[in-house]
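J.: The following block contains a protein sequence and its predicted model.
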Amino acid sequence: MSQTPINRRHFIRLASAAAVLSTTSLASGRLLAATTPSASSMTTNAQSARFVYVGSRTTRERNARGAGITVYQYDAETGQAKLIQTVDQLVNPSFLCFDREQQFLFCVHGDQQEVSAFGIDAQTGQLSKINTVNCEGRNPVHLSVDPTNRFLAIANYATGAIALIPFGADGKLAAVADLQKLPGEPGPHRVEQASSHPHMIPFDPSGRHVVVPDKGLDSVFVYRVETTTDKPSFAQTSVIKTREASGPRHVVFAPEGRPFAYVVNELDSTVTAYRYDGEGGSLVAIQVVPTLPDDFTGSSRAAAIVMAPQGEYLYVSNRGHDSVAVFALDGKSGRLRAAGYQASGGRKPRFMTVSPDGRFVFAANEDSDNIQRLPVTDDGHLGAPENAIEAGSPVCMIFRTA
């Protein structure tokens with residue numbers, strides 16, 4: 001695949017708070033910290049990544065081959081992972097996230113109506129089941145943790161709603177505390193946009209709001225999350241419409257207080273750059289760019305979007321073209337510049353994450369049953385894919401850094 005040169009800029013390999021959190025958030029919704037740690041603490045945190053957790057699809061209806069949640073010992077120096085545990089007898093434990101102290105792991109059960117909690121052994125990294133609760137909506141696809149470390153925010157894709165679920169100091173999940181339907185008119189795609197389909201629900205860098213791309217409504221919602229009252233709740237602060245039939249899917253935020261957010265649009269294979277007001281909770285679109293090269297004439301859909309640790313580069317996966325698109329970011333204007341493509345090393349790269357030290361991008365190729373490791377070069381390009389993990393129908397991967 002072709003690759004367009006990028007101006008040489010040193011790609012700093014510190015795992016900033018944004019890097020660690022997008023590792024568990026982009027992929028899993030882990031909440032962004034409201035404060036930025038020092039460089040020394042970031043380096044220590046990055047070097048301490050020892051375990052990796054992979055979620056998968058498992059059902060015949062999904063033509064899936066996953067075994068459940070698989071746990072790996074991770075070698076940060078080589079990027080290699082060794083299987084140490086398989087938590088089976090789970091139905092589609094797809095997206096995963098940790099609590100803020102990484103004592104517990106939570107997962108949604110795709111195509112079901114449930115969310116589960118697991119304890120993590122600090123020494124071995126292995127999981128033990130705590131409990132499972134109903135999330136009051138079908139096909140939960142994403143989850144994240146609030147700043148107080150007491151609530152899960154859940155995106156229920158099939159039923160077009162977001163939910164807030166409390167959990168205790170022991171990690172045990174309680175009943176849904178608030179459930180909000182997302183309002184609006186469906187987009188024009190007769191199959192993919194029959195109704196509201198919230199696809200992600202991460203907290204913004206301030207921790208006060210969740211930003212919810214809705215693939216079905218061609219909209220991106222912002223909700224304030226109130227957890228200090230007797231009744232925790234969501235309150236909508238804004239909504240912005242996207243292009244018709246774009247299908248907004250996932251969102252990432254620029255690090256270091258830069259006021260920008262980036263949404264990958266699944267159906268038309270584009271990325272929209274937004275100026276983001278974290279105080280009021282609102283978005284203003286500033287640019288739309290394609291994720292596919294202009295000489296590709298086949299069918300493809302965009303999927304994952306991840307940010308390099310220092311916010312210099314953005315990576316987006318294409319399912320069909322089976323590639324990772326690389327974009328250079330202008331830190332002042334927030335605008336994107338296409339910088340090349342790299343093969344994902346498999347079919348249908350549904351998910352991506354960046355290693356906590358920023359040295360690798362990992363692409364989960366759902367239809368090839370593998371997770372490929374793509375080395376990040378000094379100028380932000382991606383090297384050729386190297387096989388990292390063999391896993392059936394992988395759809396999420398998170399690093400434990402605590």
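T.: Perfect, thanks for sending it. Just so you know, these numbers come straight off a predicted model, no measurement behind them.
J.: Tell me the confidence at the residue in the chain sticking out farthest from the centre?
T.: Centroid-distance maximum for the chain: residue 230 at 30.0 Å, with C-alpha atoms, centre = their mean. Per-residue pLDDT puts residue 230 at 78.
J.: go on, residue 386?
T.: So residue 386 comes in at 96 (pLDDT).
J.: The residue farthest from the centre of the chain: what secondary structure?
T.: For residue 230, the assignment made with DSSP: H, G, I helix; E, B strand; the rest coil gives coil.
J.: For it, give its distance to residue 327.
T.: As judged by C-beta to C-beta, to the nearest Å, residue 230 and residue 327 stand 44 Å apart. All C-beta atoms are positioned from the backbone trio N, CA, C, and that covers glycine.
J.: Now stretch 93-102: buried residues?
T.: For stretch 93-102, burial by neighbour count (16 or more other C-beta atoms under 10 Å) applies to 93, 94, 95, 96, 97, 98, 99, 100, 102.
J.: quick one: which of those residues is nearest to residue 212?
T.: The shortest gap between residue 212 and any of the buried residues of stretch 93-102 belongs to residue 95, at 14.3 Å (C-beta to C-beta).
J.: Tally up the residues packed near residue 384, please.
T.: Using other C-beta atoms under 10 Å, residue 384 is surrounded by 10 other residues.
J.: right, and it touches residue 344 too?
T.: No: judged on C-beta atoms under 8 Å, residue 384 makes no contact with residue 344 at a distance of 10.9 Å.
J.: Give me the below-cutoff pLDDT ranges for this protein.
T.: For the chain, the stretches with pLDDT under 70 are 1-48.
J.: ok, which stretches of it are helices?
T.: Shown for the chain, the helices assigned by DSSP state H span residues 17-25, 39-47.
J.: Next, the contact list for the residue farthest from the centre of the chain, please.
T.: Contacts of residue 230 were listed using C-beta atoms under 8 Å, 6 or more residues apart in numbering, and none were found.
J.: phi, psi of it?
T.: Main-chain dihedrals, residue 230, degrees, to the nearest 10: phi -70, psi -30.
J.: quick one, strands of the stretch 251-400 of the chain?
T.: 260-265, 270-277, 282-290, 301-307, 313-319, 323-329, 336-343, 349-354, 360-365, 370-375, 386-390, 394-400 (DSSP state E, counting those that start in this stretch).
J.: quick one: residue 270 and residue 337, what's the gap?
T.: To residue 337, residue 270 is 15 Å away according to C-beta to C-beta.
J.: And for residue 330?
T.: Taking C-beta to C-beta, one finds residue 330 at 7 Å from residue 337.
J.: For the two, indicate the residue with more neighbours.
T.: Neighbour count, other C-beta under 10 Å: between residue 330 and residue 337, residue 337 has more, with 15 against 12.
J.: Tell me how many other residues crowd the closest residue to the more buried one other than its chain neighbours.
T.: Distance criterion C-beta to C-beta, 6 or more residues apart in numbering; nearest residue to residue 337, sequence neighbours excluded, is residue 328 at 4.7 Å. Neighbours of residue 328 under the rule other C-beta under 10 Å: 20.
J.: Repeat that for residue 109.
T.: Using other C-beta under 10 Å, residue 109 has 22 neighbouring residues.
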